[in-house]
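*Asks:* kindly generate the corresponding structure for this input.
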Amino acid sequence: MEKSRLKKYGAHAALTLLNTAAGRWQLRRFPTRTSDPLQAWDAADELLHEALDTHERVGGTTARPLLVNDAFGALLMAVAHQHVISCSDSYLSHLAQKANLELNQLTCDLQQIDPLAELPPAIDIVLMKLPKSHSLLAFQLAQLSANLKPGTPIIIAAKSKLFGPAARELFAQHCDAVEISLVQRKCRILRAKLRPNAVTQTDFIQQWHVPDTQLELSHHPGVFGRNQLDIGTRLLLENLPPAGAQQVIDLGCGNGVLGLAYARSSPQSQITWVDESYLAVASCQRNIDLNLGSSARYQAHVDDCLSQHAADSADLVLCNPPFHQEHTITEHIARQMFHDAKRVLRKGGEMRVVANRHLPYYHPLKRLFSRVHQVACNAKFVVYSCQA
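*Replies:* Presented below is the predicted three-dimensional model:
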């Protein structure tokens, strides 16, 4: 399904040229879309290329680089000739790296891992983009300092505003010889060497009780709604469809609370939780085990929306879609979710979705579904029932 999606959009997507001290490449975002107005890299990626070039010119070793949070492959392009380990929480980022390697006709000895995977200790340098989530940054720095050899150089880039006091304190905890550059193109570069630190993954797992649901939620760092329900999720939980749907999908599941709540009300339903975040799916699986117990009726996996799901295979899709991709505000992921839900739903099936009131989703939903009506709303959010 992913290959067919690439063929469908790839021929018409607008290509962009990344030109730095390390080379020139065509680079595009993923999922691809026609005449994409958003660029597949930022000034922080360019600064990392320059910093890498400087590191190599003064004799620094880069034979085995570790990339962390490389969104669309901008960092990978500069080191594709090496044996590369790329760690990302995003399944879409892994797909983007492969797509952009293919686009530039590059072969790479590339190993892609998720944040919970074991890090190989033989790493020469870490190139990192700061994540949006502070809890994820804390987890990633702790993992690096606990698993890589002391003194491993790390170069980090991000918009200047992200290098705030809390982030700087984390660097002080896990790194030595920390140097932060002056602002360049609204970004900064941080250079440091990793300090040994003994931590475990469970040190970063947070658990809390959801009022009025009898659910206990366990979260890995960086997962949306890590310590409380957001207003939109709460509104959808108060307006879930009646029990009885046979095949149910919690699309963009996050911690899985929507599917968990429906499973409690409809214990005979078969439910699949889907997200592009590895940490979200791992959190969701923990919550399934914690609240429902192990069962063949319950599955959780990563996906690019519903690309791995067959047409006409579901009766109900529950969805609280994102309107951002890391630091970028965008509606296109939500719209892809809507298209995939329409394809996957059987005739007469329903997608029940919650969205911010200011987002222009109603008319696109009307074009896709035979019937769309408002189920509930409050000052900020609206819940739609969309019939296939």
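*Asks:* could you list the low-pLDDT ranges of the stretch 101-250 of the chain?
*Replies:* The stretch 101-250 of the chain contains residues with pLDDT under 70 at 226.
*Asks:* at 80 what do you get?
*Replies:* The stretch 101-250 of the chain contains residues with pLDDT under 80 at 199-200, 212, 225-227.
*Asks:* show me the helices in it, by range?
*Replies:* Taking DSSP state H, counting those that start in this stretch as the test, the helices found in the stretch 101-250 of the chain are 134-147, 165-174, 231-237.
*Asks:* quick one: the first one to helix 165-174, angle?
*Replies:* Compare the direction of helix 134-147 with that of helix 165-174 by axes from the mean of the first three to the mean of the last three Cα atoms, to 10 degrees and you get 10 degrees.
*Asks:* just how off-centre is helix 134-147 within its chain?
*Replies:* Averaging C-alpha positions (Cα atoms, centre = their mean, to the nearest Å) puts helix 134-147 17 Å from its chain's average.
*Asks:* just the C-alphas of that helix, formatted as PDB.
*Replies:* Below are the C-alpha coordinates for helix 134-147, written out as PDB (Å, rounded to 0.1, in the frame of the first residue of the first chain):
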ATOM      1  CA  HIS A 134      10.500  18.200  26.600                       C
ATOM      2  CA  SER A 135       9.800  14.800  28.200                       C
ATOM      3  CA  LEU A 136      11.000  13.100  25.000                       C
ATOM      4  CA  LEU A 137      14.200  15.200  25.000                       C
ATOM      5  CA  ALA A 138      14.900  14.200  28.600                       C
ATOM      6  CA  PHE A 139      14.400  10.500  27.700                       C
ATOM      7  CA  GLN A 140      16.500  10.600  24.600                       C
ATOM      8  CA  LEU A 141      19.400  12.400  26.300                       C
ATOM      9  CA  ALA A 142      19.200   9.900  29.200                       C
ATOM     10  CA  GLN A 143      19.200   7.000  26.800                       C
ATOM     11  CA  LEU A 144      22.200   8.400  24.900                       C
ATOM     12  CA  SER A 145      24.300   9.000  28.000                       C
ATOM     13  CA  ALA A 146      23.400   5.600  29.500                       C
ATOM     14  CA  ASN A 147      24.200   3.500  26.400                       C
END
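*Asks:* for residue 302, see how far away residue 56 is.
*Replies:* Going from residue 56 to residue 302 by Cβ to Cβ, to the nearest Å gives 34 Å. C-beta: built from backbone N, CA, C; applies to glycine.
*Asks:* and these two? Which one has more around it.
*Replies:* residue 302 (19 against 14; other Cβ atoms under 10 Å).
*Asks:* my guess is that one contacts residue 273. True?
*Replies:* No: using Cβ atoms under 8 Å, residue 302 is not in contact with residue 273, being 10.1 Å away.
*Asks:* what residues do these two have in common as contacts?
*Replies:* Contact with both residue 302 and residue 273 is made by residues residue 281, according to Cβ atoms under 8 Å, 6 or more residues apart in numbering.
*Asks:* where does the stretch 251-388 of the chain have low pLDDT?
*Replies:* Residue ranges of the stretch 251-388 of the chain with pLDDT under 80: 323-331.
*Asks:* where do the helices of it begin and end?
*Replies:* Ranges of helices in the stretch 251-388 of the chain, per DSSP H, counting those that start in this stretch, are 257-265, 278-291, 332-344, 362-368.
*Asks:* make a markdown table from those and add mean neighbour count and distance to residue 162 to it.
*Replies:* Formatted as a markdown table, these follow (neighbours: other Cβ atoms under 10 Å; distance: least, Cβ to Cβ, whole Å):
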| stretch | mean neighbour count | distance to residue 162 |
| --- | --- | --- |
| helix 257-265 | 22 | 28 |
| helix 278-291 | 22 | 19 |
| helix 332-344 | 21 | 22 |
| helix 362-368 | 14 | 32 |
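*Asks:* redo those helices as a markdown table? Include distance to residue 309.
*Replies:* Formatted as a markdown table, the helices of the stretch 251-388 of the chain follow (distance: least, Cβ to Cβ, whole Å):
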| stretch | distance to residue 309 |
| --- | --- |
| helix 257-265 | 15 |
| helix 278-291 | 15 |
| helix 332-344 | 5 |
| helix 362-368 | 16 |
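*Asks:* got the CA coordinates for stretch 87-104 in CSV?
*Replies:* Extracted C-alpha coordinates of stretch 87-104, given in CSV (Å, rounded to 0.1, in the frame of the first residue of the first chain):
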residue,chain,number,x,y,z
CYS,A,87,16.5,6.7,15.8
SER,A,88,13.1,8.3,15.5
ASP,A,89,9.7,8.1,17.2
SER,A,90,8.1,8.7,13.8
TYR,A,91,7.2,5.9,11.4
LEU,A,92,6.6,8.5,8.8
SER,A,93,10.1,9.8,9.3
HIS,A,94,11.5,6.4,8.6
LEU,A,95,9.4,6.2,5.4
ALA,A,96,10.6,9.7,4.4
GLN,A,97,14.2,8.7,4.8
LYS,A,98,13.8,5.8,2.5
ALA,A,99,11.8,7.8,0.0
ASN,A,100,14.4,10.5,-0.2
LEU,A,101,17.2,8.1,-0.6
GLU,A,102,15.4,6.6,-3.5
LEU,A,103,14.6,10.0,-4.9
ASN,A,104,18.3,10.9,-4.9
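*Asks:* starting at the chain centroid, how far to that stretch?
*Replies:* Averaged C-alpha coordinates place stretch 87-104 at 12 Å from its chain's average position (Cα atoms, centre = their mean).
*Asks:* swap in stretch 36-54?
*Replies:* Here stretch 36-54 shows a centroid-to-chain-centroid distance of 19 Å under the convention Cα atoms, centre = their mean.
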